[in-house]
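K.L.:
turn this into a structure:
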Amino acid sequence: MPSADPALEPRLPGDADRRRSRQAQRSPEHAEPARFLPHVQGLRAIAVLCVVLYHFWPGRFPGGYIGVDIFFVISGFLITSHLMRELTATGTVRLGQFWARRARRLLPASLLVLLFCALVAMTPYLTPTSALPNEVREILASTFYVENWYLAITSADYLNNGGDPTTVQHYWSLSLEEQFYVIWPLLMLLAAWAAVKWARGAVRRSVIAVLAVVSAASFVFCVIYTITDPAPAYFVTFGRMWQFGVGALIALVPLLRLRSAGASFVAGWAGIAALVWATFAYDGQTPFPGYAALVPTLGAGLIIAASNTDRGWYPTRVLSVRPAQFIGGISYSLYLWHWPLIIIAPSVPFWGLTIYHRVALLALCFVLAWLTKTFVEDPFRSWKVLTSRPPRVTLWASLVAMLLVASTAGAAWAVNAPAYNAGVRALAELREDPPECFGAAAVLDPACDDAAAPDTILPAPGFAGADRPSDDQCFVQLNDSRPVSCEFGSDADDAPRVALIGDSHAFQLLPTFERMAQRNGWHLTTFFKGACPWNTTPLSTPGAFGAACTDWREGVTSALADRDVDVVFTSALATTPYASDGFDSSREAAVAGYREAWSAMIDRGTPVVTVVDNPVWETDPNKCLRTRDAAECDGARADVLVADDPLREAAEGMAGVTLLDFTDVFCDDEVCRPVVGGANVYRDQDHLTVTFADTLEPWYEAAIRDALASR
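P.N.:
A predicted model of the protein is given here:
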């Protein structure tokens, strides 16, 4: 995250004795000016552009998230340089002064954007009511700089987020960096104390040794944690400290700063090449950070180390051009503003998602970033009301400002809590007593051919996100490979045994199947794992997640072998990435994997019922439905529907398998609809609302009854 201050750049050494007498009464922010390194400012521009372009066009810049890693290296370099200068000159680090300076540098712009997000959360036209509780929680976590830990604890998957991210999710990196500002000077002071006590005053060597050990331990932790639990590994503080450590070691070890022309040229362009390669070669399936983070981290380190500026075609000179300096200068504010605007824009009336809208929004981000830099960042950093007073004044003022933002977020919840609670009640009533000819019945039931289309969309677009299964204990995710099963319905010995197995597209049917089981006297057993369909073909996803999926499948196979099951129902996301080893394509491999998994049950005399996947949208259709007529929110069939769902091909012509295909419910020949028969189809970009799944219940039930009768 782009928080480092250009004034903290390394400078040429001067007379330490003269500095000590001057700095005895002065804050480090008034120390001798640093030697500004323009190519580091240009590197900031690369970093922020990677992140922003990734968020605007994730398909074109799939690895752009590495920009955050670049910022971590830059911060480690600049902050360590600054702290080491003060430690060398005065023998200590004035923590109050250091933290006050960081607060003046970072908090004004950060809290301004958070205040904006809190006000947006207060506005139901821009924030769906169903998203309000999580939005408020994350604003509070971001205000007090613990957002990274909140996301780690809630197991958010930053690179494969399938739900509704909040306007402040990007504050995870700011939170982590603020924690770095607390930890790092304490580590350096500890190293200095150890040097005085045991190393004959060799402060620099002691600091280098301590930071090197911490960085090495952090890297090992990062690699292991990414393998074992990648979602929280992305956010936890200690898993990222080694990236700050790389920048710190470049600042502390003179041999790592390349002065010769040849070495600087090679290192600089090699670093740029590494960053470009990672931006386009990495994607959401890359095990990150882990080993993969070495490429952008070392690439950024090489660029910082390449300090020779003799030739115009050297990377240090190329990164010093005026456009790069401008973008680097506004990088912090640009990082802060771009993500909330991306999240909010689809909810703004008359705003679309065309290339023209995106370019216009990107331009708006730059304008807001420049305004914030000019009228917020720069004035507050040198505001004499704070800089002329003791550090505690700045720190207390910061706390008051943070409490103001937190209070605004709390007010957003207080204002909208009645609407949220009313939405919960309305959703429960809708599930219990849906209208006639509602949802899928409007298309599939001949008795509804002449029924008038309802005027109201249910559930309301602002509350569809809450219309989801509640039995989360039955759904394992990420690296959890336990074959967790849940039991519902009748416990009678002679009750028909139905199993519901699959990924989140099977889990979305759980409330519907639970109700069917209770009404029909069935015993329902479930096995669910996110992004892991019931298939024997391995995923193409590398690392621990792919291995966990394989282990989960094997566990489910063993569990099924020990159970008497009369019929199995399964469904799966059509865009799941499969490995193609031994087949001409991943699709053929997926088809073979489905058939092999199903055959194990069919050979035991257990029929299988499956369903073609529903359309998958680029963004949640509810963002459009909140501000536009439903007809304006239709999606082109070619864009949202996977025409060659491998599950369909696997089921067609296979004895013992019943295939349900509701494509005609979702789509006509040209478009797919987010509203069918007055029912809101989606709770996000690809998962059905429970309300709409319930409208398909008669057809699910008929298929299962027929399968039970065929035994």
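K.L.:
show the pLDDT at Pro33.
P.N.:
pLDDT for Pro33: 36.
K.L.:
can you start the count at 57 instead of 1 from here on
P.N.:
Shifting the count to begin at 57 puts that one at Pro89.
K.L.:
okay, now the unreliable bits of the stretch 657-767 of the chain?
P.N.:
For the stretch 657-767 of the chain, no stretch is flagged by pLDDT under 70.
K.L.:
what's near enough to touch the closest residue to Cys542 other than its chain neighbours?
P.N.:
Take Cys542 and drop its neighbours on the chain: the residue closest to it by C-beta to C-beta, 6 or more residues apart in numbering is Cys530, 3.9 Å away. Yep, even glycine has a C-beta here, placed from its N, CA and C like the rest. Listed by C-beta atoms under 8 Å, 6 or more residues apart in numbering, the contact partners of Cys530 are Val540, Ser541, Cys542, Phe563, Leu566, Thr582, Phe584.
K.L.:
what sits against the closest residue to the fifth one other than its chain neighbours?
P.N.:
What it means is Leu566. Leaving aside its chain neighbours, Leu566 sits nearest to Pro525 (4.7 Å; criterion: C-beta to C-beta, 6+ apart). Contacts for Pro525 (C-beta under 8 Å, 6+ apart) come out as Phe531, Phe563, Gln564, Leu566, Pro567, Val746.
K.L.:
TSV for the residues you listed, including neighbour count, secondary structure and distance to Ile360?
P.N.:
Output for these, formatted as TSV (neighbours: other C-beta atoms under 10 Å; DSSP: H, G, I helix; E, B strand; the rest coil; distance: C-beta to C-beta, whole Å):
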residue	neighbour count	secondary structure	distance to Ile360
Phe531	20	strand	44
Phe563	23	helix	46
Gln564	23	coil	47
Leu566	23	helix	51
Pro567	21	helix	54
Val746	24	helix	52
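K.L.:
tell me the one of those nearest Pro671?
P.N.:
Closest approach between those and Pro671, by C-beta to C-beta: Gln564, at 13.6 Å.
K.L.:
max-length helix in this protein?
P.N.:
helix 447-488 (DSSP state H).
K.L.:
could you give the mean pLDDT of that one?
P.N.:
93.
K.L.:
which helices and strands does it pack with?
P.N.:
helix 151-177, helix 188-199, helix 440-443, helix 746-751 (3 or more C-beta pairs under 8 Å, 6 or more residues apart in numbering; DSSP states H and E).
K.L.:
can you redo the contacts of Cys530 as CSV with pLDDT and secondary structure?
P.N.:
Output for these, formatted as CSV (pLDDT from 0 to 100; DSSP: H, G, I helix; E, B strand; the rest coil):
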residue, pLDDT, secondary structure
Val540, 95, coil
Ser541, 96, strand
Cys542, 97, strand
Phe563, 97, helix
Leu566, 97, helix
Thr582, 97, strand
Phe584, 96, strand
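K.L.:
doesn't Ile126 make contact with Ile102?
P.N.:
Yes: under the criterion of C-beta atoms under 8 Å, Ile102 makes contact with Ile126 at 6.6 Å.
K.L.:
so those two - more neighbours on which side?
P.N.:
Ile126 (29 against 24; other C-beta atoms under 10 Å).
K.L.:
with adjacent residues omitted, what lies nearest to that one?
P.N.:
Ala103 (3.8 Å).
K.L.:
for the one you found, give its distance to Phe92.
P.N.:
Distance of Ala103 to Phe92, given as C-beta to C-beta, to the nearest Å: 18 Å.
K.L.:
the more surrounded of those two?
P.N.:
Each of Ala103 and Phe92 has its neighbours counted (other C-beta under 10 Å); Ala103 has more, 29 against 12.
K.L.:
show me the shaky parts of the stretch 157-306 of the chain.
P.N.:
Using pLDDT under 70, the stretch 157-306 of the chain drops low at 211-219.
K.L.:
do a quick rundown of the helices in it.
P.N.:
According to DSSP state H, counting those that start in this stretch, the stretch 157-306 of the chain carries its helices in the segments 188-199, 203-209, 227-254, 259-284, 286-289, 297-308.
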